[in-house]
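missing the sequence, but the structure's below:
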């Protein structure tokens, strides 16, 4: 299986450049599988037949606020409460020339892994400036290592770690995906309303959660549905292109996750159905799920790094546990679409995407979403 097996045609005008006015007014495509039997003739005299199963998507078109119609008392809704860091900066070389910097991972008090857009950026002693337009409030850094498109940078200002972090958050902005061009709207729309300021660490939003509003969550809670939070900090690894060839050779960058005991217990001891919001949440739960010899699955509390790559052939521990999965529409050939294909079936999910294109759904981060029902 090759990455080309996960390609699809998408008109550029369907790539959402702005969010809808009200988060929960985005469109929702609801999909349920119907499995039917069909008889295959396997004998010359046609006296015997062999049953085969045929899977069909049953599709309905809704709005996101209709999600509550599929949830019932005692159900569990699991969300990722990570918060996107404002770690995208415009800057320049001390010698001239503009740069764009996104801080990806913190290494120590002064060093970060970063992505840099510029011409001829090399390891060495050349200094770079962040916040170039304010001469009194600048930060300086130098590149101390480069491997491929990844840079290790070190800030050279003589300030404390706490003050450096404060200045970075003051100077930076949220790193929107490159397919969103010239967005001038409210940057809060690229954070989920339940993002936790104590859980800052992502370079991209868990976009399936962007559709929830306070109003909708209040209605969900009043219906007796429990909101359970986990955390996975989204890294660039989620979006790293898959090279043509054997998918098994692709390596995911590790992403940090946190699942506390309260959340694990709520999932394990639920009496209702389990609904999962987003690929990051699914990945986290798969990472911490443990299956015993009898096939019983439990979520184990803990924190650490997840680098699992989920693509067709992956054996889900939670396949029978999940009753509903909410997710946005993902880029062609992406690891997220591969994960979705592993969960729902490659042909079946591409059929859903084809329908969404025909019905002019809006795609990607600011776009619409789907609910996949067991």
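Done, it's in. Source: prediction; values computed, not measured. Residues are numbered from 1 along each chain as shown.

how does the protein divide up, domain by domain?
3-84+186-373, 88-171 (automatic domain parsing).

Make a markdown table out of those domains and add mean pLDDT and mean neighbour count.
For the C-beta atoms, the positions are set from N, CA and C on the backbone; glycine is no exception. Output for these, formatted as a markdown table (pLDDT from 0 to 100; neighbours: other CB atoms under 10 Å):
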| stretch | mean pLDDT | mean neighbour count |
| --- | --- | --- |
| domain 3-84+186-373 | 93 | 17 |
| domain 88-171 | 85 | 15 |
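
wait, which of these is closest to residue 180?
Among these, the nearest to residue 180 by CB to CB is domain 3-84+186-373 (6.0 Å).

For my notes, please list the domains of the chain in a markdown table and give distance to residue 178 for each entry.
Output for the domains of the chain, formatted as a markdown table (distance: least, CB to CB, whole Å):
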| stretch | distance to residue 178 |
| --- | --- |
| domain 3-84+186-373 | 10 |
| domain 88-171 | 10 |
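
Now do the helices in the stretch 101-250 of the chain.
In the stretch 101-250 of the chain, the helices defined using DSSP state H, counting those that start in this stretch lie at 161-171, 214-222.

Which one of those helices lies nearest to residue 34?
helix 214-222 (27.2 Å).

Could you dump the helices of the stretch 101-250 of the chain into CSV and include distance to residue 311?
Listed next are these as CSV, based on distance: least, CB to CB, whole Å:
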stretch, distance to residue 311
helix 161-171, 35
helix 214-222, 32
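
Residue 332 is nearest to which of the ones you listed?
Closest among those, using CB to CB: helix 214-222, at 30.0 Å.

what's in contact with that closest one?
23, 24, 64, 65, 67, 68, 71, 77, 193, 194, 227 (CB atoms under 8 Å, 6 or more residues apart in numbering).

Phi, psi for the residue lying closest to the last one once chain neighbours are set aside please.
Nearest residue to residue 227, sequence neighbours excluded (CB to CB, 6 or more residues apart in numbering): residue 77, at 5.4 Å. Dihedral angles phi and psi of residue 77 (degrees, to the nearest 10) take the values phi -120, psi 110.

Contact partners for residue 77?
Per CB under 8 Å, 6+ apart, neighbours of residue 77: 71, 220, 225, 226, 227, 228, 275, 277.

For it, list each beta-bridge partner.
residue 227, residue 275 (DSSP bridges).

quick one: the strands in the stretch 101-250 of the chain?
111-117, 127-130, 139-147, 150-155, 200-202, 226-232 (DSSP state E, counting those that start in this stretch).

Point out the other helices and strands that the fourth one packs with.
What it means is strand 150-155. In terms of contacts (3 or more CB pairs under 8 Å, 6 or more residues apart in numbering; DSSP states H and E), strand 150-155 is packed against strand 111-117, strand 139-147.

can you put those strands in JSON lines and add distance to residue 4?
Output for the helices and strands packed on strand 150-155, formatted as JSON lines (distance: least, CB to CB, whole Å):
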{"stretch": "strand 111-117", "distance to residue 4": "26"}
{"stretch": "strand 139-147", "distance to residue 4": "27"}
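
Nearest to residue 127 among these would be which one?
Taking these one by one with CB to CB, strand 139-147 is closest: 5.2 Å.

quick one, the closest one and strand 111-117 angle?
80 degrees (axes from the mean of the first three to the mean of the last three CA atoms, to 10 degrees).

From the contact counts, what lies against strand 139-147?
strand 127-130, strand 150-155, helix 161-171.

Which of these sits closest to residue 16?
The nearest among those, by CB to CB, is helix 161-171 at 26.9 Å.

Could you list every helix and strand in contact with that closest one?
Partner elements for helix 161-171 (3+ CB pairs under 8 Å, 6+ apart): strand 139-147.

Sheet partners, orientation included, of the strand it packs on?
Sheet partners by DSSP bridges: for strand 139-147, these are strand 127-130 (antiparallel), strand 150-155 (antiparallel).

what does stretch 16-24 rub up against?
Residues outside stretch 16-24 that contact it (CB under 8 Å, 6+ apart): 26, 63-65, 180-183, 185, 189, 193, 210-213, 215-216, 362-368.

Can you get me the centre-to-centre distance for it and its chain?
Put simply, stretch 16-24 sits 17 Å off its chain's centre (CA atoms, centre = their mean, to the nearest Å).

ends of that stretch, how far apart?
Start and end residues of stretch 16-24 are separated by 15 Å (CA to CA, to the nearest Å).

from here on, count from 383
Will do, 383 is the new start, and the previous item becomes stretch 398-406.
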